[in-house]
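Novice: How does the following fold in three dimensions:
(chains A, B, C and D)
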Amino acid sequence: MRRLLAPVLGLLLLGGCASMEPAPHCDMSRISGQRDLVPGPAMVPGESSPLKEMPMNSVNITDPAIMNKLYVRSIAARRTATGTVEVVAQVVNCTDFQQTAEARTQFYDSTGVASEPVSAWQRLHLSPRTSSAYRELSMGDKTVDGYMIEMRETK
Amino acid sequence: MRRLLAPVLGLLLLGGCASMEPAPHCDMSRISGQRDLVPGPAMVPGESSPLKEMPMNSVNITDPAIMNKLYVRSIAARRTATGTVEVVAQVVNCTDFQQTAEARTQFYDSTGVASEPVSAWQRLHLSPRTSSAYRELSMGDKTVDGYMIEMRETK
Amino acid sequence: MRRPYALSVAIAAALALAACQRVDNTAGAPTVYIDPGTSGPVKGVGIESQDVIAMTDQMLRDMLSQPRLANAAMPPNVIIDSEYFHNESSSRLNKNSITDRLRVGLNRAAAGRMQFVGRHYADMVAKERDLKRQGTVDKATLPAAGAQKGGDYRLGGRITSLDSRDPKTGMMQRYNQIIFEMVDLETSEIVWSGIYEFAKAAQDDIIYR
Amino acid sequence: MRRPYALSVAIAAALALAACQRVDNTAGAPTVYIDPGTSGPVKGVGIESQDVIAMTDQMLRDMLSQPRLANAAMPPNVIIDSEYFHNESSSRLNKNSITDRLRVGLNRAAAGRMQFVGRHYADMVAKERDLKRQGTVDKATLPAAGAQKGGDYRLGGRITSLDSRDPKTGMMQRYNQIIFEMVDLETSEIVWSGIYEFAKAAQDDIIYR
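Specialist: Next comes the predicted model:
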């Protein structure tokens, strides 16, 4: 029985390697297809902007080194008890390796102007194939109307 | 099957790599096309000015070394609680490298004359592909009617 | 042969022209200034500028989301200094770097939601009050106050560390833990607290002072 | 062959002529004078002229946007000197360079929105007042004042630094933090505060004094 079982198990394992990759699976080609760049604000009135950037209230992975390694699963924003804004982004490490990234948030007012100093870079230790939360709070309360999270690899 | 798949996958990856450049994307040819130089004040009345310069209330990147690296996304000016003027310029680093720039602001009165000493050069540490805010305050209140921001590379 | 050559020159020129208007994706000029919010060229296991900046930024944003501190009917009087902030770690640093940055950042961000008492300037204020009351100087423009402001809350905290070193490889590992607490100065209740912790591993050869 | 040659000569001459009236885009003559607002040829990790200029400029502009200081019904009496401005950093510098530049710049820019009390000249004024009251000198033209002016707000602050040095490469990194606070001289409330911080990395061989 053992003799017979052994090779079968081996085959199964082999088959498992091809299909049984641990979750999460990130389909980077579809992620890039879903990425939506919007024109930045145009400096010359009446003309379109020469800048394409991430839309407001999103996470911008600015570093090509981690662009195809991490995936931002969700972003949420809510008001705290004092009226400041809390943003939470769920970041998935799609690789089988430890990754270290850092993120910061710039909060904007309703006219699109930076309403307070940008937050300090906050480190995230991303274990292989895990999902981690990045959390940042605004300083201002009523002045805050939008945000932009920037993420880069820690060096 | 494997043999066939491999090159196709390679092609797909190549396609993905080409299009998946991190945001923001700066179209420098359009930026230079949109740059609008206006005649400076003429010394001889009735004659046109031999000087072409950036219009008032704009950011003038004076350094060829960073001209095609940085892009000024937006400028805003507002009065503070004491009536002085605050200008905020959002500067995008279009490159994949750390850049260090510095900027200063000259405030002008309604007749176009410099109304106060120019501000000191203020450094900006621009992480790759990130957007940073340059912020300057005027000294005078009612005397200020316009401004001109100059930006150069820190050496 | 001639035509294609001329053509290629023209193409090269056109390309160069177009290249001028593309992003010049190269590194900038070297400068002695570095971003204090990012690890610099000298990296060790101690507390460095990016850690000071990150911890104070995180703490002040967190305090501003605490209703008892940032949303009270009367803005509370807050004392933030290094008097009760102890460094028990093996990192050499001026703890004022942390408490000063926290106080200034919070004062600027609070915009009136809290009031800050400069207890570390009590001596300066007492001297001037004496001079005014003795008549050596006049009363200036602000109304006289009965006494200096008392505090509602005061910052306490501690820096601790846990070091381990492999003498064979010279590899050093340090776990740094910094805690911040706001204490009610009547009841000694801890009304807010925050923690910032990080670990680093590096060759043990950076000298801090 | 002739025509094109002549033509090219003419073009070259025209170009040369035009060149006379173009911007002479070349470096200027060398001089010992350098811009104090820009890094000079001697660059180290300490506080240098461009840092002093940048920090004082930034602080005075920020103070002028604070309503309690720059928009009060009665212009407040402000004392700015180095008495309570402490240098706890490893940078050697005369802290008066900072507080003097700040006081002068603010006094010129305030244009009456604040009044500045020269407490560091208290002795000079006291002596002259004595001479006048003893009758050794006459009363001059200004009306007599009951006493020297008292202060409403006074500057305090601190310079701290965090040094790290790599003995293998000789690379030195320094994080400089300078904080400025305006303290209410009756209540000891900190009514305005500002921070200027920067980090530099360089080979450790510049001597400051």
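
Novice: Quick one: name the residues of chain C near chain B.
Specialist: Within chain C, the positions lying close to chain B (CB under 8 Å from any CB of the partner chain) are C:18, C:20-29, C:31, C:33-35, C:37-38. From N, CA and C alone the C-beta is placed, and that goes for glycine too.

Novice: cool, chain A as well?
Specialist: By CB under 8 Å from any CB, the residues of chain A that approach chain B are A:28-29, A:32, A:35, A:37, A:40-41, A:43-44, A:47, A:50-54, A:60-64, A:67-68, A:106, A:111-114, A:117-118, A:148, A:150, A:152.

Novice: What about the residues of chain C next to chain B, which are in strands?
Specialist: Counted as lying in strands by DSSP state E, out of these, are C:Tyr33, C:Ile34.

Novice: Now do the SS call for residue 46.
Specialist: In the absence of a named chain, this looks at chain A. Assigned by DSSP: H, G, I helix; E, B strand; the rest coil, the conformation of A:Gly46 is coil.

Novice: that older thread, from the residues of chain C next to chain B, list the buried ones, please.
Specialist: With neighbours counted using 16 or more other CB atoms under 10 Å in any protein chain shown, the residues of chain C next to chain B contain these buried positions: C:Val23, C:Asp24, C:Gly28, C:Thr31, C:Tyr33, C:Ile34, C:Asp35, C:Gly37, C:Thr38.

Novice: Touching, the second one and B:Tyr71? I think so.
Specialist: Spelled out, that is C:Asp24. No - under the criterion of CB atoms under 8 Å, C:Asp24 makes no contact with B:Tyr71, lying 11.5 Å away.

Novice: what residues are shared contacts of those two?
Specialist: Common neighbours of C:Asp24 and B:Tyr71 (criterion: CB atoms under 8 Å, 6 or more residues apart in numbering or on different chains): B:Met28.

Novice: Spell out the residue ranges of the strands in the chain.
Specialist: Looking at chain A here, since you left the chain open. Using DSSP E, strands in chain A cover A:38-39, A:51-53, A:58-61, A:70-79, A:85-93, A:99-108, A:122-126, A:131-137, A:146-153.

Novice: To clarify, I was referring to chain C.
Specialist: Using DSSP E, strands in chain C cover C:33-34, C:77-79, C:85-87, C:115-116, C:153-166, C:171-184, C:190-203, C:207-208.

Novice: Mind putting the ones you listed into JSON lines with mean pLDDT?
Specialist: JSON lines is the format used below for the strands of chain C (pLDDT from 0 to 100):
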{"stretch": "strand C:33-34", "mean pLDDT": "94"}
{"stretch": "strand C:77-79", "mean pLDDT": "97"}
{"stretch": "strand C:85-87", "mean pLDDT": "97"}
{"stretch": "strand C:115-116", "mean pLDDT": "96"}
{"stretch": "strand C:153-166", "mean pLDDT": "96"}
{"stretch": "strand C:171-184", "mean pLDDT": "96"}
{"stretch": "strand C:190-203", "mean pLDDT": "95"}
{"stretch": "strand C:207-208", "mean pLDDT": "88"}
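
Novice: Quick check: closest non-adjacent residue to A:Arg129.
Specialist: Once flanking residues are discounted, A:Arg129 sits nearest to A:Pro22: 5.2 Å by CB to CB, 6 or more residues apart in numbering or on different chains.

Novice: and that neighbour, what pLDDT?
Specialist: pLDDT, A:Pro22: 88.

Novice: Run a quick neighbour tally on it.
Specialist: By the measure other CB atoms under 10 Å in any protein chain shown, the count of residues near A:Pro22 is 8.

Novice: For A:Ser132, see how far away it is.
Specialist: The gap separating A:Pro22 from A:Ser132 is 16 Å, by CB to CB, to the nearest Å.

Novice: Could you list the residues of chain C in contact with chain A?
Specialist: So far as CB under 8 Å from any CB goes, chain C lies against chain A at C:37-39, C:50, C:53-54, C:56-58, C:60-62, C:64-67, C:70-71, C:109, C:111, C:113, C:198.

Novice: So for C:Thr31, what's the pLDDT?
Specialist: C:Thr31 is assigned 87 on the pLDDT scale.

Novice: Quick check: closest non-adjacent residue to it.
Specialist: B:Thr154 (4.8 Å).

Novice: and that neighbour, what does it touch?
Specialist: Neighbouring residues of B:Thr154 by CB under 8 Å, 6+ apart: B:Thr100, B:Ala101, B:Glu102, B:Arg123, C:Gly28, C:Ala29, C:Thr31, C:Tyr33, D:Ser39.

Novice: Tell me the confidence at C:Gly112?
Specialist: With respect to pLDDT, C:Gly112 scores 91.

Novice: Where does chain A get nearest to chain D, residue-wise?
Specialist: Distance from chain D to each residue of chain A (CB to the nearest CB) is smallest for A:Pro117, at 10.2 Å.

Novice: Count the residues that sit near that residue.
Specialist: 15.

Novice: cool, A:Val88 as well?
Specialist: Using other CB under 10 Å, A:Val88 has 13 other residues around it.

Novice: so what pLDDT did it get?
Specialist: pLDDT at A:Val88 comes out at 96.

Novice: One more: C:Ser8?
Specialist: 49.

Novice: Please apply the same query to C:Met1.
Specialist: As predicted, C:Met1 sits at a pLDDT of 40.

Novice: returning to what we had before: tabulate the strands of chain C (CSV), appending distance to C:Lys95.
Specialist: Below are the strands of chain C laid out as CSV (distance: least, CB to CB, whole Å):
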stretch, distance to C:Lys95
strand C:33-34, 23
strand C:77-79, 15
strand C:85-87, 5
strand C:115-116, 18
strand C:153-166, 7
strand C:171-184, 10
strand C:190-203, 14
strand C:207-208, 13
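
Novice: separation between the residue positioned nearest the centre of chain A and A:Thr62?
Specialist: In chain A, the C-alpha nearest the mean C-alpha coordinate belongs to A:Val72, at 3.2 Å (CA atoms, centre = their mean). Here the criterion is CB to CB. By it, A:Val72 lies 13 Å from A:Thr62.

Novice: anything in contact with each of the two?
Specialist: Residues touching both A:Val72 and A:Thr62 (CB under 8 Å, 6+ apart): A:Met151.

Novice: Next one: the residue nearest the centre of chain C from chain D, what distance?
Specialist: Centroid-nearest residue in chain C: C:Ile53, 3.6 Å away (criterion: CA atoms, centre = their mean). Plainly put, C:Ile53 is 8 Å away from chain D if you go by CB to the nearest CB, to the nearest Å.

Novice: hang on, that residue packs against C:Thr38?
Specialist: No - shown here, C:Ile53 and C:Thr38 do not form a contact pair, counting by CB under 8 Å, at 9.4 Å.

Novice: State the pLDDT value of A:Lys52.
Specialist: A:Lys52 is assigned 90 on the pLDDT scale.

Novice: Next: A:Ser49.
Specialist: So A:Ser49 comes in at 85 (pLDDT).

Novice: Repeat that for C:Ala18.
Specialist: We have a pLDDT of 46 for C:Ala18.

Novice: what sits against residue 67?
Specialist: As the question left the chain open, I've gone with chain A. Residues near A:Met67 by CB under 8 Å, 6+ apart: A:Ile61, B:Met20, B:Pro22.

Novice: I was after chain C.
Specialist: Residues counted as contacts of C:Pro67 (CB under 8 Å, 6+ apart) are A:Ala81, A:Thr82.

Novice: at 10 Å instead, please
Specialist: For C:Pro67, the contact set (CB atoms under 10 Å, 6 or more residues apart in numbering or on different chains) comprises A:Thr80, A:Ala81, A:Thr82, A:Gly83.
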